[in-house]
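A.B. asks: after the sequence you'll find the predicted model.
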Amino acid sequence: MTVASPAQSERNAPEPWLTRERVRAIGRPLTSLVLVLGAWEILARTVLTNRLFFAPPSEVALAAARLWQSGELQRHIWVSFSELIYGVLLAIVVGTAIGIVIGISQRVRDYTEIYITALYATPLVAVTPLLILWLGIGIASKIAVVFLTAVFPILINTVSGVRATEALLIEVAQSFCASRRQVIAKVMLPSALPFILTGIRLGIGRGIVGVVVGELFGSQAGLGFLIYTSGQTFDVPTLFVGIVTLAVAGVGLTFAAELVERHALRWRRTVRVD
């Protein structure tokens, strides 16, 4: 029976969860949040005192609590998040699949690039009324709007990632008699994965914008609908509740996507500069 030395036991000990880096990563955003909320409250109490145009965070919190107790806020959140999740998931599947095909085939790219560029440059505001006329004011039109806003960052980043694969890696795989399918699956897709995940993060942010735009044009519920009706009745605290909820949702979903990206790309070597 061997007894481990103190140095070896120290090396084998599990790393504590609350490290200095994690404390710093949590403390800095919390500090900036407290400063922003404090400045917002002071500004609303001393400079922008007209409640028809501005509201302090204390009144926004009270309005959020009132809406939560009545169940109205949960209903709006559920509607908006359903539209967002369905639209973004559809955009991930379609954008990634089409992006891979365009990235590996120059012929397909020649046929489709002009249409992708035209659709990407078309303002969403110009397309949304048409989608609502076609699909109605229900969830289908909002999913279509979210899909159109989120699919192009994913598609374009996927194409860029596939085409950015190093030629040397492809040549090495071919020298080992790898088939075209194996080159795509074993070389091109892993090389394009960082680009794809970055496109998904961008697509989530654009999808939230699509939810609001779709609900502003025609809806019966949702956070965009809440913002629109609050603005029409000059209920500024409730309007800020909708805006802050969307902002928090965007931060949370983007952070979750970053965690997935960090877990999927553990093999990449990153350098941090403080």
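C.D. replies: All right, it came through fine. Numbers count the residues shown, from 1 in each chain.

A.B. asks: would you map the strands across the stretch 1-150 of the chain?
C.D. replies: Using DSSP state E, counting those that start in this stretch, no strands are found in the stretch 1-150 of the chain.

A.B. asks: for it, just list every one of the helices.
C.D. replies: 6-12, 20-46, 57-70, 72-104, 106-121, 124-135, 139-163 (DSSP state H, counting those that start in this stretch).

A.B. asks: helix 20-46 and the third one, what's the angle between them?
C.D. replies: In other words, helix 57-70. 100 degrees (axes from the mean of the first three to the mean of the last three C-alpha atoms, to 10 degrees).

A.B. asks: average pLDDT across helix 57-70?
C.D. replies: Mean pLDDT, computed over helix 57-70, is 89.

A.B. asks: what of the second one?
C.D. replies: Averaged across helix 20-46, the pLDDT comes to 78.

A.B. asks: quick one on the thing from earlier: deepest of the helices of the stretch 1-150 of the chain, which one?
C.D. replies: helix 139-163 (a mean of 24; mean count of other C-beta atoms under 10 Å). In short, each C-beta sits where N, CA and C put it, glycine included.

A.B. asks: what helices or strands is it leaning on?
C.D. replies: On a contact count with 3 or more C-beta pairs under 8 Å, 6 or more residues apart in numbering; DSSP states H and E, helix 139-163 meets helix 72-104, helix 106-121, helix 124-135, helix 189-217.

A.B. asks: show the average pLDDT along the second one.
C.D. replies: What that stands for is helix 106-121. Mean per-residue pLDDT for helix 106-121: 84.

A.B. asks: any buried residues in stretch 243-257, and which?
C.D. replies: I243, T245, L246, A249, G250, L253, T254, A257 (16 or more other C-beta atoms under 10 Å).

A.B. asks: next step: the residues you listed restricted to strands.
C.D. replies: Among the buried residues of stretch 243-257, none falls in strands (DSSP state E).

A.B. asks: ok, the spatially most central residue of the chain - contacts?
C.D. replies: Residue closest to the mean C-alpha point of the chain, counted by C-alpha atoms, centre = their mean, is I204 at 2.6 Å. Applying C-beta atoms under 8 Å, 6 or more residues apart in numbering to I204 gives the contacts V88, A150, G250, L253, T254, A257.

A.B. asks: of those residues, closest to G214?
C.D. replies: G214 has its nearest neighbour among the contacts of I204 in A150, at 12.1 Å by C-beta to C-beta.

A.B. asks: so what's the closest one up against?
C.D. replies: Contacts of A150 by C-beta under 8 Å, 6+ apart are G87, V88, A91, I92, G95, G203, I204, R206, G207, G210.

A.B. asks: thought V146 was touching the second one, still the case?
C.D. replies: Yes: shown here, V88 and V146 form a contact pair, counting by C-beta atoms under 8 Å, at 6.4 Å.
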